[in-house]
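Student: Quick one, fold the following:
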Amino acid sequence: EGFKALAISLATFEAGFTQTISIVLLLLMLMRMARALLGALTSMPPLVLLATVVTSTVIGPVPTVLRLVLTPLVRMEVFVTRLAQDLLGSADDRDADEAGPGP
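Tutor: Numbering: from 1, shown residues only. Down below sits the predicted model:
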């Protein structure tokens with residue numbers, strides 16, 4: 001039912017000319033990607049396929065997880081560093097004011 005409604009919608013340009021052309025091009029790209037993926041999966045030996053799947057699922061997300069964990073720590077370090085610079089800078093200014101003018 002859904003595929004039939006989509007086909008009729010595309011054939012009658014129900015969504016407008018440019019939207020329909022965009023949808024058709026997107027569907028063509030998705031079909032090409034699926035065909036390439038299936039071709040790659042069927043041409044690989046089973047051991048290589050297993051190694052590919054394992055490395056993609058285990059090693060692939062590591063940079064994202066590291067960024068997720070390290071970003072708050074880096075932000076906290078920058079905050080503390082700037083806060084310390086502001087406080088120490090204020091203390092240095094007070095010491096200079098108390099000492100009076102230079103020689």
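Student: switch to C-alpha atoms for all contacts and neighbour counts from now on
Tutor: Noted.
Student: Looking at the protein, which helix is longest?
Tutor: Scanning the chain for the helix with the most residues, using DSSP state H, yields helix 62-99.
Student: Report the distance from that helix to the chain centre.
Tutor: 27 Å (CA atoms, centre = their mean, to the nearest Å).
Student: ditto for stretch 40-49
Tutor: 28 Å.
Student: One more: stretch 38-51?
Tutor: Averaging C-alpha positions (CA atoms, centre = their mean) puts stretch 38-51 27 Å from its chain's average.
Student: List the contacts of that stretch.
Tutor: Here stretch 38-51 makes contact (CA atoms under 8 Å, 6 or more residues apart in numbering) with no residue beyond itself.
Student: Alpha carbons only: can I get it in PDB?
Tutor: What follows is stretch 38-51, C-alpha atoms only, in PDB (Å, rounded to 0.1, in the frame of the first residue of the first chain):
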ATOM      1  CA  LEU A  38      25.300  -6.400  -1.400                       C
ATOM      2  CA  GLY A  39      27.900  -6.900  -4.100                       C
ATOM      3  CA  ALA A  40      30.700  -6.300  -1.700                       C
ATOM      4  CA  LEU A  41      29.200  -8.600   0.900                       C
ATOM      5  CA  THR A  42      28.700 -11.500  -1.500                       C
ATOM      6  CA  SER A  43      32.200 -11.200  -3.000                       C
ATOM      7  CA  MET A  44      34.000 -11.300   0.300                       C
ATOM      8  CA  PRO A  45      35.100 -14.600   2.000                       C
ATOM      9  CA  PRO A  46      33.200 -15.200   5.200                       C
ATOM     10  CA  LEU A  47      36.300 -14.600   7.400                       C
ATOM     11  CA  VAL A  48      37.000 -11.300   5.900                       C
ATOM     12  CA  LEU A  49      33.300 -10.300   6.200                       C
ATOM     13  CA  LEU A  50      33.300 -11.200   9.800                       C
ATOM     14  CA  ALA A  51      36.500  -9.300  10.500                       C
END
